[in-house]
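> Structural data only, the sequence is not supplied:
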């Protein structure tokens, strides 16, 4: 959720012509991460949860790519992009850790 908040906060100052382009795309991808985690957690099987975690991780990779694109377009300074990429990397570690834990559980 921290990543979603950060993305929304940081994209408020982007050019208005990006509203239906990169702004919308990065916001949707960011929202998709916790949404897929929540949906997967609500499913009835560990296999389904793992699938939703995989989808969430894919959305996270989209966010990382879009952060880099935004930096290259000059929408935020390199240090802000780096901070957002660090936050995204932390989310990725959490998703990977949860996935590994669930996989161990299903192997037993």
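Cool, got the structure. Worth saying up front: this structure is predicted, and the values here are computed from it rather than measured.
> check contacts around residue 97.
Residue 97 makes contact with no residue, according to C-beta atoms under 8 Å, 6 or more residues apart in numbering. From N, CA and C alone the C-beta is placed, and that goes for glycine too.
> where does it land on pLDDT?
pLDDT, residue 97: 97.
> Poorly predicted segments of this structure, please.
Within the chain, the stretches with pLDDT under 70 are 107-108.
> Next, find the distance separating the residue nearest the centre of the chain from residue 101.
The structure's the chain has its C-alpha centroid closest to residue 60; by C-alpha atoms, centre = their mean the separation is 3.1 Å. Per C-beta to C-beta, to the nearest Å, residue 60 is found 18 Å from residue 101.
> Run through who's touching the helix or strand containing residue 36.
Following DSSP states H and E, one finds residue 36 within helix 22-41. With contact meaning C-beta under 8 Å, 6+ apart, helix 22-41 is reached by 1, 3-4, 7-8, 11, 14, 48-53, 55-56, 59-60, 62-63, 66-67, 69-70, 73, 75, 91, 95.
> now the residues you listed: which count as buried?
3-4, 7, 11, 14, 49-50, 52-53, 55-56, 59-60, 62-63, 66-67, 70, 75, 91, 95 (16 or more other C-beta atoms under 10 Å).
> quick one: residue 56 and residue 94 touch, right?
No: using C-beta atoms under 8 Å, residue 56 makes no contact with residue 94, being 10.0 Å away.
> Have a look at this protein and report its longest helix.
Using DSSP state H, we find that the single longest helix of the chain is helix 78-107.
> helix, strand or coil for residue 75?
Assigned with DSSP: H, G, I helix; E, B strand; the rest coil, residue 75 falls in the coil class.
> Next up, the contacts around it.
Counting by C-beta under 8 Å, 6+ apart, residue 75 has contacts 11, 14-15, 18, 22.
> Inside helices: which ones of those residues?
Using DSSP H, the contacts of residue 75 in helices are 11, 22.
> Now name the helix or strand holding the residue nearest to residue 43 when sequence neighbours are not counted.
Nearest residue to residue 43, sequence neighbours excluded (C-beta to C-beta, 6 or more residues apart in numbering): residue 49, at 5.6 Å. Using DSSP H and E, residue 49 sits within helix 46-72.
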